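# the following block contains a protein sequence and its predicted model.
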Amino acid sequence: QVQLVESWGGLVKPGDSLRLSCAASGFSFDYYKIGWFRQAPGKEREGVSCINNSDGETYYADSVKGRFTISRDIDKNTVYLQMSSMKPEDTGVYYCNAQWGAWEYWGQGTQVTVSS
């Protein structure tokens, strides 16, 4: 059974840091591109960052460059999103996505709220 489980969302203050994790199971993790997306209330889901597990290449949206870092632990089938210098506009539900060719999976999401 394919699963993507996001963890460690929460409530933080502006300027704080938070690390999300996405634990994958049920598919060949090594071949997939793993991405983080987020959806703020009343807005469309947007891509935040992704990493190719095959070669480690990463991508970041302009809004998070220099503040967020994506990484992976192949042995644990887990991808992390380290978020620093967080802003209120980072608030939203963060979703993990795995993609390889026509295969695509989504996690259930974890809420991140940045508020003073």
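Structure's in. What do you need?
# got the contact list for the residue nearest the centre of the chain?
What sits nearest the mean C-alpha location of the chain, by CA atoms, centre = their mean, is W36, with 2.9 Å. By CB atoms under 8 Å, 6 or more residues apart in numbering, the contact set of W36 is 20, 22, 47-50, 70, 79, 81, 94-97. In short, each C-beta sits where N, CA and C put it, glycine included.
# could you do N97 as well?
Taking CB under 8 Å, 6+ apart as the contact definition, N97 lies against 4, 34-37, 50, 104-107.
# could you measure from the nearest residue to it once chain neighbours are set aside over to Y60?
Nearest non-adjacent residue to N97, counting by CB to CB, 6 or more residues apart in numbering: G35, 4.5 Å away. Distance of G35 to Y60, given as CB to CB, to the nearest Å: 11 Å.
# just G109 next, same as before
G109 is 20 Å from Y60, by CB to CB.
# what ranges does the chain have for its strands?
Under the criterion DSSP state E, strands of the chain are mapped to 3-7, 10-12, 18-25, 33-39, 46-52, 58-60, 68-73, 78-83, 92-100, 103-106, 110-114.
# which strands border the longest one, and is each parallel or antiparallel?
Neighbouring strands of strand 92-100 in its sheet, by DSSP bridges, are strand 33-39 (antiparallel), strand 103-106 (antiparallel), strand 110-114 (antiparallel).
# neighbours of W100, how many?
Other residues near W100 number 18, with proximity taken as other CB atoms under 10 Å.
# got it, and V112?
There are 23 residues near V112, going by other CB under 10 Å.
# that one pairs with what?
G10, G92.
# isn't it up against G92?
Yes - under the criterion of CB atoms under 8 Å, V112 makes contact with G92 at 6.3 Å.
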